[in-house]
Every structure is written in C-alpha cells, then in structure tokens.
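[1] sequence below, structure please.
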Amino acid sequence: MCIQTFRQYTCGCKKNEEYKQCAERLGTNVICTPVERVALDPSAHMCRNHMVKQGKDEMRRIVPRR
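    This next block holds a predicted model:
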C-alpha cells in the first residue's frame, strides 16, 4: 500500500510530507486506494501560514509541557 506521511503543527494544521509508492506501483503514476496515512512526530512550531512577519503583533499561546 502507498504511504503518505504528514506532520501536525501546534496551530492544528496538518501538512503532507513525503509520499512513498508501494513496490507494486513503483515507477508508475498510479496510487493505491486508499493511501495509508502515517503521522510523523508533531512539530513544536506553527505552520508557515500561521506565523506573523517581524514587526507585526505577535500571537502568544501557552504551550503545554510534556
């Protein structure tokens, strides 16, 4: 089965990372249905779309301790 890895950010967004084709479909443009989704270690940061530019108001949040 083909595997799609993803990472979850502290803002709640999930972004796709590496896609791995299974041996059966390797080298083709065909994907498995369904594709297995595998979560990577969660990020300690927000995604790029939720960060603010330097000099703008900063968003502050309490990060829970592990």
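[2] tell me where the protein has strands.
    Under the criterion DSSP state E, strands of the chain are mapped to 3-8, 14-20, 36-39.
[3] and the first one with strand 14-20, angle?
    Same thing as strand 3-8. Angle, strand 3-8 to strand 14-20, by axes from the mean of the first three to the mean of the last three C-alpha atoms, to 10 degrees: 150 degrees.
[4] pairing partners for strand 3-8, with directions?
    Taking DSSP bridges as the criterion, strand 3-8 sits next to strand 14-20 (antiparallel), strand 36-39 (parallel) in its sheet.
[5] for residue 47, find the nearest of the strands of the chain.
    strand 14-20 (6.2 Å; C-beta to C-beta). Glycine gets a C-beta too; all of them are placed from N, C-alpha and C.
[6] for the closest one, which residues meet the burial criterion?
    By neighbour count, and taking 16 or more other C-beta atoms under 10 Å as the criterion, strand 14-20 has no buried residues at all.
[7] about what we covered before: please tabulate the strands paired with strand 3-8 in a markdown table, including the columns mean pLDDT and distance to residue 30.
    Rendered in a markdown table, the data for the strands paired with strand 3-8 read as follows (pLDDT from 0 to 100; distance: least, C-beta to C-beta, whole Å):
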| stretch | mean pLDDT | distance to residue 30 |
| --- | --- | --- |
| strand 14-20 | 96 | 13 |
| strand 36-39 | 96 | 15 |
